[in-house]
Structure formats: C-alpha cells, structure tokens
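S.K.: Kindly return the folded structure for what I paste below:
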Amino acid sequence: MRRTVALYSAAADVTKKGFVLAPDRTGNELSSWIDVAPAEEVLAPDEEVEALVTIAVPRRAEAGERYAVIWAEVAGVDGQNVRNVGRAGIRVYLSVGPGGEPPSGFEIGPLTGKREKDGTPVLTAEVRNTGRRALDLAGELRLTEGPGGLSAGPVKVEAGTLALDGSSTVRVALDRRLPDGPWAAKLDLASGWTKRSATGRVSFGPVPVAATSAVDRSGQVLAGGLTTSGLVLLLFAVHAYRRRARIRQPVEAA
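M.R.: Down below sits the predicted model:
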C-alpha cells in the first residue's frame, strides 16, 4: 500500500528534562529558517526518497544555540474520527556566532554504588555540563577487580540530553546476581568527540533479606507441589490395585 509521507521542520528545546519536542507542527525561530524538499512524497512499501534540508541563517541573527527537529510523518484515518500519526525525526542543534562552534565540556562526579530493595545493584554518578553547548551523552560502564577476580561489562549507558549549565544523575542498573564487591568501576561518557571518564571503588551492599526469602518461598512452593502430586499418584495407584483385586476374585458356581 502506497503512503503519503510529509517532510517538515518543527520546534524543539533543551531543558532539564532533556531534548523536548514541541507538539504537532509548532514552529520556532530555527524551524522558520529550515526548508525541506520535497515537502511531501508518496512511497510504496520499502521505497526510499532523499530529502534536501537547507538552513538559511539571517545575517542579523543573534548569537546562541537553537534547536529544532526534521520530521517524516505518515498520517491516516481509521474511517471514523481518530487520526493515527507516525513520525520519525532527526534532531537539529544549530549554534550561531563568530568563529568555530562553542566549546563542549562536562564533568563526571564520584561514582556511587547501592542496591535497591528488590536486590538490583545500581551505580550512579552526577554529570554537569561545563561547556557552551547542549550535550547528548552515552557511553559504557566496566567493573573489574571484583570478588574472586570477577569482572562485568561493558554495560551500555544512556545519559540523555544535558542542557547548558545543566546537571543530571546517570543511573546504571545491573544484574541482581552481581556480588556486593568491592569493584573497580570505570564510567566512560561521550558527546560527539568530547569524552570524559571517571573511576572509583564501589560496593553495592548485600542482597536484601526480602529478595532472598522470596526465592526460598518459591522453592518451598515447588517442593510442596511435588509432594502433593506424589501423594495423589500414590492414592491413585492404591485405588487401581484394589479395583483390580476385586475383579480377579473367582465367582462361585451356583
């Protein structure tokens, strides 16, 4: 089935919540500078089209960083009053000012380990944007020198978008079976070519009693179920034996 795909730009912003998309086709200053061609294309299944995006920055534009998104949208109606919309987008970060792009930078605070009530070990670290651009952070966590020489990772880390002068807590949840520690932890984060690392010794604490008792209870339920099943089979065997005994008794001649 052929579908009509609309191509357009819309507003976006970076706040403490991360990269925030404006609803529908809401515009802003940057989206008004963006032209997408073609604006619409009818495509068959698995068919592709290449779009040209042009950003025309006015000569008198004020210095600063601006945000927008380029959308590809497919919309349809279910035959009544509901309009179904599917969109995929590309983020736009545009810095206006003299010379090269503003410097990017961030700091990673101390690494801390803890264990949640359900037994999940979690590593956290505070990250602060020290540059002059919003950052999209991602990276990985490695644990080494654990109990008995154990190691774990790399574990993928998604830190999200960090606004100018903003800070956020990176939280990495790990496997419940991970021992307490101590561990040698190394957290690597990057935004483009800007990279930072932090290391430290962390421990997560013992597995809570509630989590271990839940496992024990499940074992008791399983054992109880097996015992009950065995008892039912035994009673059934006794009943069958008695029935067969009654059938085999000779019938006296009249």
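S.K.: Contacts only, for Thr124.
M.R.: Contacts for Thr124 (C-beta atoms under 8 Å, 6 or more residues apart in numbering) come out as Leu111, Thr112, Gly113, Lys114, Thr169, Val170, Arg171, Val172. Any C-beta I mention is one placed from the backbone N, CA and C, and that applies to glycine too.
S.K.: pLDDT score for it?
M.R.: pLDDT recorded at Thr124 is 94.
S.K.: give me the beta-bridge partners of it?
M.R.: Taking DSSP bridges as the rule, Thr124 bridges to Thr112, Arg171.
S.K.: and the gap between it and Gly99?
M.R.: Relative to Gly99, Thr124 is positioned 37 Å away (C-beta to C-beta, to the nearest Å).
S.K.: quick one, phi/psi of Val96?
M.R.: For Val96, the backbone dihedrals are phi -110, psi 130 (criterion: degrees, to the nearest 10).
S.K.: thinking again about what came up before, now a PyMOL select for only the buried ones of the contacts of Thr124.
M.R.: This is how PyMOL selects the buried members of the contacts of Thr124, with burial counted by 16 or more other C-beta atoms under 10 Å:
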select buried, resi 111+112+113+170+172
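S.K.: could you dump the contacts of Thr124 to JSON lines with pLDDT and distance to Val14?
M.R.: JSON lines is the format used below for these (pLDDT from 0 to 100; distance: C-beta to C-beta, whole Å):
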{"residue": "Leu111", "pLDDT": "95", "distance to Val14": "26"}
{"residue": "Thr112", "pLDDT": "94", "distance to Val14": "26"}
{"residue": "Gly113", "pLDDT": "94", "distance to Val14": "30"}
{"residue": "Lys114", "pLDDT": "93", "distance to Val14": "29"}
{"residue": "Thr169", "pLDDT": "91", "distance to Val14": "17"}
{"residue": "Val170", "pLDDT": "92", "distance to Val14": "17"}
{"residue": "Arg171", "pLDDT": "93", "distance to Val14": "20"}
{"residue": "Val172", "pLDDT": "94", "distance to Val14": "23"}
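S.K.: Including distance to Ala190, could the contacts of Thr124 go into JSON lines?
M.R.: Below are the contacts of Thr124 laid out as JSON lines (distance: C-beta to C-beta, whole Å):
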{"residue": "Leu111", "distance to Ala190": "17"}
{"residue": "Thr112", "distance to Ala190": "21"}
{"residue": "Gly113", "distance to Ala190": "22"}
{"residue": "Lys114", "distance to Ala190": "25"}
{"residue": "Thr169", "distance to Ala190": "18"}
{"residue": "Val170", "distance to Ala190": "13"}
{"residue": "Arg171", "distance to Ala190": "18"}
{"residue": "Val172", "distance to Ala190": "15"}
